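Asker: A structural model of the following input is requested.
(2 chains)
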Amino acid sequence: MRLSVQQDSFDLGHEANAFAAGITGAGAVVTFTGVVRDNGGKLAAMEIEHYPGMTEKAISGIMDQAMARWSLADALVIHRYGRLVANDPIMMVATAARHRADAFAAAEFLMDYLKSRAPFWKKEIGADGSEWVAARDEDEAALTRW
Amino acid sequence: MIDVMYFAWVRERIGLPRERIETDAATVADLIDELKAREPRYEMAFADLKSLRVALDQELSSFDAPLAGVREVAFFPPMTGG
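Answerer: As a prediction, the model looks like this:
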């Protein structure tokens, strides 16, 4: 299990390959990557703030739950903070399990919890000012399915 | 003494990321009342508790939670990770 909260960018291909190479006994690897949307060309930058300390604690807790619930072979979460621009990767999740259903379900579970329970806040900087991204009710509601 | 931290627009409205506060507040709600009575910028930041979340010692908590033994309180809007 690996968690990295980092300012630097990451290479999705490299991370996915390294994750897959480190696994034994799994027949399924799922990866998900979140990317900065350009809002129709209007986004100048996205600033991501987080709560150092709580971020790592909260995500580790979510990962422990996923590992136990789906008996995963391994899990990886990378989440960035700081100033990003359109098309930059924001975060990635990877899960490995014996069969694909567990790997997909665990990846979705991790994503749903990261959205609403990991202390990150996104601010979109545009040409005409900046705005904090509001949490969506759908994201909170998504937690009830788990 | 308690460390109080603010994130995202809460930090912007109050104008600082953290401060140490001498308080006898029994609960989070009592602490919020104390802060609101200080200055309008606090009153503005805490105007709508439905749009706020609180963490006690880095665990999500609730406004009626007691502050006894707590070292770090953080106020922030609903999280937008992922």
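
Asker: Identify the residues contacting residue 34.
Answerer: Let's take chain A. A:Gly34 makes contacts with A:Pro89, A:Ile90, A:Met91, A:Met92, B:Gly82, as judged by C-beta atoms under 8 Å, 6 or more residues apart in numbering or on different chains. Glycine gets a C-beta too; all of them are placed from N, C-alpha and C.

Asker: wait, I meant chain B there
Answerer: B:Thr23, B:Ala25.

Asker: what about 10 Å?
Answerer: With contacts defined as C-beta atoms under 10 Å, 6 or more residues apart in numbering or on different chains, the neighbours of B:Glu34 are B:Ile21, B:Thr23, B:Asp24, B:Ala25, B:Tyr42.

Asker: cool, B:Ile14 as well?
Answerer: For B:Ile14, counting by C-beta under 10 Å, 6+ apart, the contacting residues are B:Val4, B:Tyr6, B:Leu35, B:Arg38, B:Glu39, B:Arg41, B:Tyr42, B:Met44, B:Ala45, B:Phe46, B:Phe75.

Asker: again, but for B:Tyr42
Answerer: Taking C-beta under 10 Å, 6+ apart as the contact definition, B:Tyr42 lies against B:Tyr6, B:Val10, B:Arg13, B:Ile14, B:Gly15, B:Ile32, B:Glu34, B:Leu35, B:Lys36.

Asker: Among these, which one sits closest to chain A?
Answerer: Checking these against chain A by C-beta to the nearest C-beta gives B:Val10 as the nearest, at 9.4 Å.

Asker: got the residue ranges for the strands in chain B?
Answerer: B:2-6, B:18-21, B:53-56, B:59-61, B:72-76 (DSSP state E).

Asker: packing partners for the first one?
Answerer: With contacts defined as 3 or more C-beta pairs under 10 Å, 6 or more residues apart in numbering or on different chains; DSSP states H and E, strand B:2-6 has these neighbours: helix B:8-14, strand B:18-21, helix B:28-38, strand B:72-76.

Asker: rerun at 8 Å
Answerer: For strand B:2-6, the contact count by 3 or more C-beta pairs under 8 Å, 6 or more residues apart in numbering or on different chains; DSSP states H and E identifies strand B:18-21, helix B:28-38, strand B:72-76 as packing neighbours.

Asker: Most widely separated two among the contacts of B:Ile14?
Answerer: Of all pairs drawn from the contacts of B:Ile14, the one with the largest separation by C-beta to C-beta is B:Val4 and B:Met44; the distance is 16.1 Å.

Asker: Those two: which has the busier surroundings?
Answerer: Taking other C-beta atoms under 10 Å in any protein chain shown, B:Val4 and B:Met44 do not tie; B:Val4 has more neighbours (18 against 13).

Asker: any weak-confidence spans in chain A?
Answerer: In the predicted model, chain A carries no residue with pLDDT under 70.

Asker: Which residues of it lie near chain B?
Answerer: The interface of chain A toward chain B, taken as C-beta under 8 Å from any C-beta of the partner chain, is made up of A:34, A:49, A:51, A:53-54, A:57-58, A:79, A:90-91, A:111, A:114-123, A:132-135, A:139-140.
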